[in-house]
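Novice: this one's sequence-less:
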């Protein structure tokens with residue numbers, strides 16, 4: 001999986017391949033040899049214990065993450081219960097279709113639009129008016145060949161860590 005970070009101005013022209021390519025930071029999730037771990041969850045599915053190495057393919061909507069740093073390729077990410085300070089929250093998941101990998105830029109443009117469209121219903125305020133931002137995880141060519149089609153949208157506050165969920169915060 002790749003993690004894409006685009007600036008607010010880039011996302012406002014979300015479907016422009018050139019714009020997405022100009023403003024991205026990539027984190028890949030398909031080439032490190034040591035896999036991450038499954039998180040410990042309660043009956044409702046919420047993470048109950050911090051984990052420095054949660055497998056990115058085990059992430060679900062509602063999971064809270066710590067910043068994984070600036071590594072260019074990752075298979076795992078630190079997770080914490082959402083009641084603890086965290087950097088990101090997974091707020092939406094969608095699967096792409098197709099047999100052939102359409103390329104990172106095309107997948108990124110589609111992922112950007114998916115997360116943009118899901119942002120307002122989740123946060124409760126329009127993206128353009130919000131102080132919050134979003135990133136996303138998306139398939140790499142290698143993970144696509146292994147069957148990965150999932151886009152995971154991540155919401156975050158640029159000013160500080162968050163404690164608790166961001167659903168409906170309207171800010």
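Specialist: Here it is on my side, so go on. In this text the structure is predicted, and so the values were computed from the model without any measurement. Residues are numbered from 1 along each chain as shown.
Novice: just give me the longest helix of the chain.
Specialist: Taking DSSP state H as the criterion, the chain has its longest helix at helix 104-123.
Novice: report the angle between the following helix or strand past that one and helix 104-123.
Specialist: The element immediately downstream of helix 104-123 (helix or strand, assigned by DSSP states H and E) is strand 132-138. Note on geometry: by axes from the mean of the first three to the mean of the last three Cα atoms, to 10 degrees, strand 132-138 and helix 104-123 are set 140 degrees apart in direction.
Novice: what helix or strand is the closest residue to residue 40 other than its chain neighbours on?
Specialist: Of all residues not flanking residue 40 in the chain, residue 49 sits nearest, at 4.2 Å (Cβ to Cβ, 6 or more residues apart in numbering). From N, CA and C alone the C-beta is placed, and that goes for glycine too. Residue 49 belongs to no helix or strand when elements are defined using DSSP H and E.
Novice: tell me what the longest helix of the chain is packed against?
Specialist: strand 2-4, helix 17-22, strand 88-95, strand 132-138, strand 150-157 (3 or more Cβ pairs under 8 Å, 6 or more residues apart in numbering; DSSP states H and E).
Novice: and that helix, what's buried?
Specialist: 104, 107-112, 114-116, 118-119, 122-123 (16 or more other Cβ atoms under 10 Å).
Novice: quick check: the farthest pair among those residues?
Specialist: 104 and 123 (26.6 Å; Cβ to Cβ).
Novice: still on that earlier bit, distance from the chain centre to the longest helix of the chain, please.
Specialist: Chain-centre distance of helix 104-123: 10 Å, with Cα atoms, centre = their mean, to the nearest Å.
Novice: still on that earlier bit, which of the helices and strands packed on helix 104-123 has the lowest mean pLDDT?
Specialist: Among the helices and strands packed on helix 104-123, helix 17-22 carries the lowest mean pLDDT, at a mean of 30.
Novice: who does residue 55 form a beta bridge with?
Specialist: Residue 55 has the following beta-bridge partners by DSSP bridges: residue 76.
Novice: and it, how many residues sit next to it?
Specialist: Residues contacting residue 55 under the criterion other Cβ atoms under 10 Å number 17.
Novice: same question, residue 151
Specialist: 24.
Novice: cool, and residue 160?
Specialist: Neighbourhood size, residue 160 [other Cβ under 10 Å]: 9.
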